[in-house]
Structure formats: C-alpha cells, structure tokens
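Novice: missing the sequence, but the structure's below:
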C-alpha cells in the first residue's frame, strides 16, 4: 500500500497489447499502488485505446500522444494525481518522450517517460535510434536543478552491464552516461550497486537491463526504493515481455484525483488496498 508520505512511480512496457491482453493489463495496473504509471511501447491500436478510455473514464489524468506512423510506438502517462504538461519535448518522434508535472510538498515534480527506438543491424534503424538519442540527450533538462524523474524502456545498457554484449554501439552507452553528465542518478544502481537483475530476457536466456529510472540531484536524498517487478514478465499470465520497475520517493503528492476503479465503473480504487 502506498504511504501518504511517499510518491510511487511505475514504468511498465505494454508491448502494444491486443484488446484482450489490455483487459488483463488494466486489472493489474488498477491494483498496483503507484500513483503514476509510465506505460511504454504504446501504439495507435485497439488495446492502447482501451486502456486510455478506461483510465480516463475512471477519472485518471491520461497523457497519450498517439503515434501517427504505422508501426510506430510511444508512451502513455496515467496518473491518480492531477498533472499538467511539463516543459520537455523531443522534436524527432515526439510521442516517444512524454512529460507531466505533479505538485508535491516539495514543489513541482516532473515525470518524464521515454521509449527509445530499438534497432537491428540495418543502417536505417541504427540512424533512427542514434538520431533520437542525440536529440533527446540535447534537450534533457539539467538534473542539478529542480525535482525530476525520468523512467522508461531506454533500449540501452549501462557501460559495465553484465554480461557484455558486443553488438551495442558506443552511442548507445553514451546515452546512458548522458544522464550522469546532466546531473541524474540511476535510481536502481544507487540502491543496488552490484545487483544483476534484468528487465528483458531473450530466447537464449540472455538478460538485459533495458528499463531504467533516473532521479535529479534534488531527489537523491528522497529515494526510498527502486526495484524490478518480475511478475509482469514471468507470472503465469505473462502480461508483457518486460519486467516492470517501481520507484518510491519520500515526497507527498499534493493533488490526488477522486478516481474510481477503471475495471468496475463507480467503485473507488482505494477499496482495492
């Protein structure tokens, strides 16, 4: 259960669900304790439209710029707190970077959700990913000022990731390091310096820590927890092919919304906890 003196944020890769799988994901997310969900790998699809409609009807604040290109993916932010647009945007493939501001007892806090393009060995996919990472790093707000969290499926690894994979390029490792240069800290590594946990596992059993959360310097002392939630990937229902990542901060949200349970119209979400 969420503490009234803590703010919890979850990043969860939806894997562009079918309408049927989106129903199961909705039930799972509605029962989670986090006030803000950063949902990645969204699309202009029936499953994502269902999630947007049900959360909106239940009173949540939903921010979902739908990807217009066929086959494109993006981010949806779903919040049980009042939100307003945050001053952050990426000009190239903008639906892959979505940001809102919530009010807390420590002032405004920006939540930035990212879904970095994946790639294969083709020059086109490599250039697409490299361009997006370059533009995102260029506009990333200074982490040494303000309260800010950046979460999502970054599709990059930390430079000393174990195991080491030869096919990752220097520009991909550089994007991870750009957060440190901008004044952010890797929330999971701050609390679990040597842990080997993975948010995506390939068919050969190789693990990758693709899903990340970074906090600005102002929030470093407020970081209470950051951990992977593997049940979304490994549980019998297998809601997605990624583990989720949850983070808790010692700040109090100022404007909770009077939401209801999106799976049962009119039933308060608080009744679930």
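Specialist: Okay, I see it. Nothing here was measured: the structure is a model prediction, and the numbers come from that model.
Novice: in the stretch 1-150 of the chain, which spans are strands?
Specialist: 7-13, 36-42, 61-63, 74-79, 84-85, 97-104, 107-115, 147-153 (DSSP state E, counting those that start in this stretch).
Novice: walking through this protein, point out its helices one by one.
Specialist: Using DSSP state H, the helices assigned to the chain run over residues 19-31, 46-57, 123-139, 170-181, 187-191, 231-234.
Novice: would JSON lines of those helices with mean pLDDT be doable?
Specialist: Putting these into JSON lines (pLDDT from 0 to 100) gives the following:
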{"stretch": "helix 19-31", "mean pLDDT": "97"}
{"stretch": "helix 46-57", "mean pLDDT": "97"}
{"stretch": "helix 123-139", "mean pLDDT": "97"}
{"stretch": "helix 170-181", "mean pLDDT": "97"}
{"stretch": "helix 187-191", "mean pLDDT": "98"}
{"stretch": "helix 231-234", "mean pLDDT": "94"}
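Novice: which of those sits closest to residue 264?
Specialist: Closest to residue 264 of the helices of the chain is helix 19-31 (C-beta to C-beta; 8.8 Å). In this view, the C-beta of every residue, glycine as well, is placed from N, C-alpha and C.
Novice: residues touching the residue nearest to residue 103 when sequence neighbours are not counted, list them.
Specialist: Distances taken as C-beta to C-beta, 6 or more residues apart in numbering place residue 254 nearest to residue 103, at 4.1 Å, with adjacent residues excluded. Each residue near residue 254 by C-beta atoms under 8 Å, 6 or more residues apart in numbering is listed here: 102, 103, 104, 105.
Novice: could you flag which of these are buried?
Specialist: Of the members of the contacts of residue 254, the ones counted as buried by neighbours, 16 or more other C-beta atoms under 10 Å, are 102, 103, 104.
Novice: bridging residues for residue 8?
Specialist: Beta bridges link residue 8 to residue 248 when assigned by DSSP bridges.
Novice: local confidence estimate at it?
Specialist: Looking at residue 8, its pLDDT is 98.
Novice: separation between it and residue 245?
Specialist: Taking C-beta to C-beta, to the nearest Å as the measure, residue 8 falls 11 Å from residue 245.
Novice: before we move on, back to that, okay, the strands of the stretch 1-150 of the chain, which one's buried deepest?
Specialist: With neighbours taken as mean count of other C-beta atoms under 10 Å, the strands of the stretch 1-150 of the chain reach their highest mean count in strand 36-42, at a mean of 28.
Novice: which residues does that one contact?
Specialist: Under C-beta under 8 Å, 6+ apart, the answer for strand 36-42 is 7-16, 29, 48, 51, 64, 66-67, 73-81, 95, 102, 111, 113-115, 151-153.
Novice: that strand vs helix 19-31, what angle?
Specialist: Taking axes from the mean of the first three to the mean of the last three C-alpha atoms, to 10 degrees, one finds strand 36-42 and helix 19-31 inclined to each other by 160 degrees.
Novice: now the strands: where do they sit in the stretch 151-273 of the chain?
Specialist: 184-186, 200-201, 207-208, 211-216, 223-229, 244-249.
Novice: quick one: closest of those to residue 144.
Specialist: Within the strands of the stretch 151-273 of the chain, the stretch nearest residue 144 is strand 211-216; the backing value is 7.3 Å (C-beta to C-beta).
Novice: so what touches that closest one?
Specialist: With C-beta under 8 Å, 6+ apart as the criterion, strand 211-216 contacts 9, 11, 13, 143-154, 176, 179, 183-188, 190, 199-200, 223, 226, 228, 242-245, 247, 249.
Novice: quick check: neighbours of that strand in the sheet, parallel or antiparallel?
Specialist: Sheet pairing of strand 211-216 (DSSP bridges) gives strand 147-153 (antiparallel), strand 184-186 (antiparallel).
Novice: my read: residue 168 touches residue 157, true?
Specialist: Yes. Between residue 168 and residue 157 there is a contact at 6.0 Å, judged by C-beta atoms under 8 Å.
Novice: quick check on the two: which one has the bigger neighbour count.
Specialist: residue 157 (20 against 16; other C-beta atoms under 10 Å).
Novice: list the beta-bridge partners for residue 102.
Specialist: Beta-bridge partners of residue 102, as defined by DSSP bridges: residue 109.
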